[in-house]
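Chemist: Mind looking at a prediction? Sequence and model below.
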Amino acid sequence: MAELSDRSGVAAPTIRYYIREGLVPAGEATARNQAVYDEGHVGALRLARALVELGGLSIVQARTVIDHLAAPDADRVTGLGKVQYALTPSPGTAPEAARERVGELLARLGWQVRPDNPAATSLAQAIGDLGEIGVVVDDELLEAYAAAARTAAEADVARLAGREAGSAAVSVVALDVLGDRAISALRRLAQEDRLTHASDD
């Protein structure tokens, strides 16, 4: 296990915990208290770590995602979708008017999105919350945000092409969690740039 810890960067106690909780398969026993681990275990550890540490999922949630990805009849798109949905915090409810606007936006854009996608409710909540403090989010602004989001999504999906499910799932977690942080930071940098140009005019 020490070698597996060195190869994966995960501490041995954490590895034992993940194995005990069913997030990582046990190694092939070679002797009492000894087992052999391969690259499959390294990949499984990376996925478990990404889901729990980066994604903030509970052990139960992470195990559900991992079990689905490992199912022989699981298709790639559905599996990665489950990873993404699991990473989206449960949004609760949103004003009906805001939900209708999101539905209309998605229809105008022609996006193929499942009706239970929690991100749609999160977007509706944001629109509703902004409205409550007097900030009107009109269709032009929403569509500008959507265009930027689509460009980012196309770049993300291109990164996943050709990867096996476990590796792609790690990337989904990293790109969704850390990518959101990067996009937010870039937006603020771009806002400063645009404001600087505007003040020079």
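Modeler: Ah, there it is.

Chemist: part of a strand, is A29?
Modeler: Yes - under DSSP: H, G, I helix; E, B strand; the rest coil, A29 sits within a strand.

Chemist: ok, so what distance separates the nearest residue to it once chain neighbours are set aside from L109?
Modeler: Among residues not flanking A29 along the chain, A35 sits closest, at 5.1 Å (Cβ to Cβ, 6 or more residues apart in numbering). Every C-beta, even on glycine, is put in place using the N, C-alpha and C of the backbone. Distance of A35 to L109, given as Cβ to Cβ, to the nearest Å: 51 Å.

Chemist: The helix or strand encompassing the residue nearest to A29: partners in the sheet, and parallel or antiparallel?
Modeler: Under the criterion of DSSP states H and E, A35 resides in strand 34-36. Note on strand 34-36: by DSSP bridges, its sheet partners are strand 28-31 (antiparallel).

Chemist: buried sites along the strand holding A35?
Modeler: Neighbour-count burial for strand 34-36, counted by 16 or more other Cβ atoms under 10 Å, picks out no residue.

Chemist: just how off-centre is that strand within its chain?
Modeler: Counting by Cα atoms, centre = their mean, to the nearest Å, strand 34-36 is centred 33 Å from the centre of its parent chain.

Chemist: again with stretch 125-138
Modeler: Mean-position distance between stretch 125-138 and its chain equals 25 Å (Cα atoms, centre = their mean).

Chemist: Can you give the contact residues for that stretch?
Modeler: With contacts defined as Cβ atoms under 8 Å, 6 or more residues apart in numbering, stretch 125-138 is touched by P91, G92, T93, A94, P95, A97, A98, R101, V102, L142.

Chemist: Tell me which residues of the helix or strand bottoming out on mean pLDDT in the chain come out buried.
Modeler: When each helix and strand of the chain is scored by mean pLDDT, DSSP states H and E, helix 76-87 comes last, with a mean of 78. Across helix 76-87, burial judged by 16+ other Cβ under 10 Å covers G79, L80, K82, V83, Q84, A86, L87.

Chemist: What is it packed up against?
Modeler: helix 59-70, helix 165-200 (3 or more Cβ pairs under 8 Å, 6 or more residues apart in numbering; DSSP states H and E).

Chemist: May I see those helices organised as JSON lines, with distance to R49 and mean neighbour count added?
Modeler: Converted to JSON lines, the helices and strands packed on helix 76-87 look like this (distance: least, Cβ to Cβ, whole Å; neighbours: other Cβ atoms under 10 Å):
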{"stretch": "helix 59-70", "distance to R49": "10", "mean neighbour count": "17"}
{"stretch": "helix 165-200", "distance to R49": "9", "mean neighbour count": "14"}
